[in-house]
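with the sequence up front, the predicted model follows.
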Amino acid sequence: MSLPTAPQKPLILVVDDEASARLIMTATLEEAGFAVIEADSVASARAQFAQQAPDLVILDVILPDGNGIALCAELRQHPKGRDLPIAMATGLDDVASIQQAFQSGATDFITKPISWGTLGHRVRYLLRAHRAFEELTLSEHKNRALLSALPDLLFSLNADGVILARLAGAQSPHWGQWDLQVGDRLTERLPAPLSSLLQPALQLALHSQQPQSLELTLPRSEAGVYWEARLIPRNQQELLLVVRDISRRKRLEHQLWLSARVFEASNEAILITDRDNRIISVNPMFERLTGFHAREVLGQSPRLLGAGQEHRSLYRNLWARLQEQGAWQGELLDRRKDGQEYPVWLSINLLRDADGQIEYHIASFADISERKRQEAQIAHLAYHDLLTGLPNRRLLTDRIQVALAQAERDRDGVAVLLIDLDRFKTINDSLGHDSGDQLLQQVGQRLLARVRHSDTVSRIGGDEFVVLSPDCGQPATAAALAAKLLRALAEPFDLAGTPLIIRASIGIALYPENGQRPDTLLANADAAMYQAKANDGNNYQFYSPELNERNLTRLRMELRLRQALERQEFVLYFQPQVAADGGRLVGAEALIRWQDPVHGLIPPGQFIPLAEETGLIQPIGDWVIQEVCRQQQRWRAQGLELPIAVNLSARQFRQRSFIDGISQALAQTGIPPHLVELELTESMLMQDAQQAAAKLNRLKALGFRIAVDDFGTGFSSLNYLRLFPIDVLKIDQSFVRELQEDRAALAIIDSIIALANALGMNTVAEGVETQGQRDLLQRHGCRTIQGYLIAKPMPETAFVQWLTRYQAQSTPA
Ligand SMILES: Nc1nc2c(ncn2[C@@H]2O[C@@H]3COP(=O)(O)O[C@H]4[C@@H](O)[C@H](n5cnc6c(=O)[nH]c(N)nc65)O[C@@H]4COP(=O)(O)O[C@H]3[C@H]2O)c(=O)[nH]1
């Protein structure tokens, strides 16, 4: 501890060459409480000044080695003498010296003769004034430093908004661009959006003499810059303008606002707990989801939300993870206030303070019941057939795999039975898809009811079902099962009151003999099923390797057919149709051929059924129609106008876009519809008579001619026939062939012709090979004939050549 020291006396340097004057001055000053040092010349004054650093100097003007005024100026240059009070002792009337003294930097002057009585007071006053000046300067410096450190802009303005002074503030980069100078009118220099706000505020501040604050920004402000402007009136004419950049604050405010909105509007429940895991905040979604009001849970542990079913290890793991990684995510089972349990997906994050201590836990969670339900549904859909709910091919494949593994271990067998409903397509088409769906569902149920628990019944597509029977490797057992299933399916079904009897074909493949993998077993059961179908259905067949060969051939053929379509290997042949009497050419039938580069010309009978089965008949049928139109175009250009009959397949005719497609093909080539005759079979008409009639009426209205092919071979209901707008009945060649030998055939032809006549239709006899047949047909009233007797089907050029020859022969020279 240091002792308090006595306040130091101010030190006065008295510079005078007169010893007596110095003596009195020293005595007077010391008596007045000052310490005094003396100098009698400029030289000694310099030395004393440098050594002692006096607080005040009293300088005589005239000194033996120089001039007191010059010494005053010299001392002012000295760092210690810059602000030092220096009093010059001058004669009362020495005005010139007084003037010089002030010019050289003297603070004051003391006139001689000196008033000794007041000298002490005078010096004290000088020292006090000096101290006051020093304090003022210091305070001034402080103020200046303060102002220059301010981040704000500070202007003083007059009542017109003219800048009187720029008091503080580094020019902000934005305001710097407007280059505001003293004398500028603020409202003229600033952009309109700012000045239009400032001007009225300025007036209001002056008028009310109250500070005014306002926020400023530019429209679509660059990078979101905001200022706060404060106008502080100093008097009626002057005010201060303080401009502060508040962009950061605004951004923070905005972020806070946004965070609050997110918290409020979040679709997830949010829950914040403190370091002791007590709930301190929840959002509205939390209240909706849990059923708890915020006030019921604040201060509580989140444990009250859990269903209490989770294993302890889950929570242990959760807390360990949280500590380690600061976050945890996972699924939990929670319980609502009303007791209802629900799964949630929960994310927890830790917030730590600056010392790394846990400050908050932030948890967000969402009810995932719906998602889980959908996931389960998707998983079910992925493995089950939507219509019947039975396992689909994927699940079946899995089950076969498991069954094979088991059978291998037990040295046992497995049977795979592939069941296909006979004529399902016809049922579907005639009764409608809804009934078809119902039937499939009932078939599924019936199969399920007849198999063992360990068997799997699966629907693998369309009307194809598979029964997988593990530990059923014996052909006899498999055959018994197949027979049982056929019997089950043969019992009538009830489709909304309509009884229906169906048949099925079953193919059987056995493990290990017929395959070691699920796909092979399924493919082989499929091949066997085709064999059962080929045997007229309603039976079962075991797989045999020869079957496989047949199947492969079929597959290869399908592939070749597709390529044929791409490579345009199809051609049209034309077979003339002539009037039975006189032989006038009345039309031609277009018949497709496949010009295969390897196997040569392939007749339609060898590929049309497969095309039908695979759906390829649609693009092929489209091609035929387009080709017929192109052919018509060429012939018409040559002056030949001849109706051409085109065969339609059932599938092609059923196509929704069929009418649009054919109309478009004709429109594009400019062919009038009456030059195209559409040949349909009886079964095509009868499959869905209502719809077929509607379609045919539309086609008829468009101008197409309609013919019924192979008439007499189907089961036409004559009643229905009346409903169709038919132009031609084509008598099937089987009747024509037997015409001369079989009286029954002739009787049928007779009745077809009679029927056609009665309904105003034309008749065309197909397959006429002999003159005898022609004569007979003609006698019985058939109007048109077609067959080898006239000409075989020919490619275009041969047809035109034939026609030229034919017309030359039949025209009398
Ligand atoms: N034995 C004998 N046969 C004769 C005689 N006159 C004609 N034929 C043959 O009888 C079939 C008549 O055609 P279809 O009954 O419509 O029967 C056609 C038709 O149902 C179908 N078809 C042909 N072309 C097409 C087509 O472009 N589209 C569709 N969907 N089917 C077609 O293929 C079937 C067979 O056609 P093709 O082999 O050309 O066989 C043709 C024709 O060559 C004859 O005097 N004696």
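Structure received.

neighbours around R128, how many?
Using other CB atoms under 10 Å, R128 has 11 neighbouring residues. For every residue, glycine as well, the C-beta is placed using N, CA and C.

so it sits in a helix?
Yes - under DSSP: H, G, I helix; E, B strand; the rest coil, R128 sits within a helix.

low-scoring stretches of the stretch 201-350 of the chain, by residue?
Along the stretch 201-350 of the chain, segments meeting pLDDT under 70 span 220-223.

try it again with 80
The stretch 201-350 of the chain contains residues with pLDDT under 80 at 219-224, 308-312.

quick one: the helices in it?
Counting by DSSP state H, counting those that start in this stretch, the stretch 201-350 of the chain has these helices, from start to end: 247-265, 284-290, 294-297, 312-325.

deepest-packed of those helices, please.
Highest mean neighbour count of the helices of the stretch 201-350 of the chain: helix 284-290, a mean of 19 (counted as mean count of other CB atoms under 10 Å).

just to revisit the earlier point, how about the helices of the stretch 201-350 of the chain in JSON lines, adding distance to A525?
Below are the helices of the stretch 201-350 of the chain laid out as JSON lines (distance: least, CB to CB, whole Å):
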{"stretch": "helix 247-265", "distance to A525": "58"}
{"stretch": "helix 284-290", "distance to A525": "52"}
{"stretch": "helix 294-297", "distance to A525": "62"}
{"stretch": "helix 312-325", "distance to A525": "48"}
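
in CSV: the ones you listed, plus distance to the ligand.
Below are the helices of the stretch 201-350 of the chain laid out as CSV (distance: least, CB to the nearest ligand atom, whole Å):
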stretch, distance to the ligand
helix 247-265, 64
helix 284-290, 63
helix 294-297, 75
helix 312-325, 67
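
out of those helices, flag the one nearest E612.
The closest of the helices of the stretch 201-350 of the chain to E612 is helix 284-290. By CB to CB, the value is 58.3 Å.

centre of the chain to the closest one, how far?
28 Å (CA atoms, centre = their mean, to the nearest Å).

so which elements touch that helix?
If contacts are counted by 3 or more CB pairs under 8 Å, 6 or more residues apart in numbering; DSSP states H and E, helix 284-290 sits against strand 269-273, helix 294-297, strand 358-367.

the last one vs strand 269-273, what angle?
It stands for strand 358-367. 160 degrees (axes from the mean of the first three to the mean of the last three CA atoms, to 10 degrees).

now do strand 358-367: everything it contacts.
266-275, 277, 280, 289, 302, 322, 332, 334, 342-353 (CB atoms under 8 Å, 6 or more residues apart in numbering).

list only those of those flagged as buried.
Applying 16 or more other CB atoms under 10 Å to the contacts of strand 358-367, the neighbour count classes 268-273, 289, 302, 322, 332, 334, 342-346, 348, 350 as buried.

ok but L481 is inside a helix, no?
Yes - under three-state DSSP, L481 sits within a helix.

distance of it relative to A534?
Distance of L481 to A534, computed by CB to CB, to the nearest Å: 22 Å.

pull the number of nearby residues for A480.
Per other CB under 10 Å, the neighbour tally for A480 reads 12.

so where's the stretch 551-700 of the chain shaky on pLDDT?
Along the stretch 551-700 of the chain, the model assigns pLDDT under 80 to residues 551-555, 613-614, 686-688.

the strands in it, which residues?
Counting by DSSP state E, counting those that start in this stretch, the stretch 551-700 of the chain has strands at residues 570-579, 585-596, 600-602, 644-647, 676-681.

again, but for the stretch 401-550 of the chain
Taking DSSP E, counting those that start in this stretch to define them, one finds strands in the stretch 401-550 of the chain at 414-421, 456-461, 464-469, 493-495, 498-500, 504-511, 540-542.

taking the stretch 51-200 of the chain, what residue is nearest to the ligand?
In the stretch 51-200 of the chain, the residue that lies nearest the ligand is P193 (78.8 Å; CB to the nearest ligand atom).

now whichever strand or helix holds that residue: how far from the chain's centre is it?
Secondary-structure element containing P193, defined by DSSP states H and E: helix 192-208. Centroid separation between helix 192-208 and its chain, computed with CA atoms, centre = their mean, is 50 Å.

CA atoms only: put that helix into PDB for me.
Extracted as PDB, the C-alpha positions of helix 192-208 are listed here (Å, rounded to 0.1, in the frame of the first residue of the first chain):
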ATOM      1  CA  ALA A 192     -37.100   9.400 -54.600                       C
ATOM      2  CA  PRO A 193     -38.300   6.500 -52.400                       C
ATOM      3  CA  LEU A 194     -36.000   7.700 -49.600                       C
ATOM      4  CA  SER A 195     -36.600  11.400 -49.900                       C
ATOM      5  CA  SER A 196     -40.300  11.000 -50.200                       C
ATOM      6  CA  LEU A 197     -40.300   9.400 -46.800                       C
ATOM      7  CA  LEU A 198     -37.700  11.700 -45.200                       C
ATOM      8  CA  GLN A 199     -39.200  15.000 -46.300                       C
ATOM      9  CA  PRO A 200     -42.500  14.700 -44.300                       C
ATOM     10  CA  ALA A 201     -40.700  13.300 -41.300                       C
ATOM     11  CA  LEU A 202     -38.300  16.200 -41.300                       C
ATOM     12  CA  GLN A 203     -41.200  18.700 -41.400                       C
ATOM     13  CA  LEU A 204     -43.000  16.800 -38.600                       C
ATOM     14  CA  ALA A 205     -39.800  16.700 -36.400                       C
ATOM     15  CA  LEU A 206     -39.300  20.500 -36.800                       C
ATOM     16  CA  HIS A 207     -43.000  21.200 -36.300                       C
ATOM     17  CA  SER A 208     -43.500  19.000 -33.300                       C
END
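
what's that helix in contact with?
157, 159, 161, 186-188, 190, 210-212, 214, 216-219, 229, 231-233, 236-237, 239, 241.

name the SS class of the residue nearest the centre of the chain, please.
Nearest to the geometric centre of the chain sits R371, at 18.4 Å (CA atoms, centre = their mean). Under three-state DSSP, R371 falls in the helix class.

oh, and call the first residue 354 from now on, that's how I've got it
Sure, I'll start counting at 354 from here, so that last one is R724.

ok, now which ones touch the nearest residue to Q401 once chain neighbours are set aside?
In this structure, Q401 finds its nearest non-sequential neighbour in A392, 4.8 Å apart by CB to CB, 6 or more residues apart in numbering. Going by CB under 8 Å, 6+ apart, A392 touches L366, V367, V368, A398, A400, Q401.

want to throw the helices and strands packed on helix 637-643 into CSV with distance to R840?
Formatted as CSV, the helices and strands packed on helix 637-643 follow (distance: least, CB to CB, whole Å):
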stretch, distance to R840
strand 622-626, 59
helix 647-650, 66
strand 711-720, 51
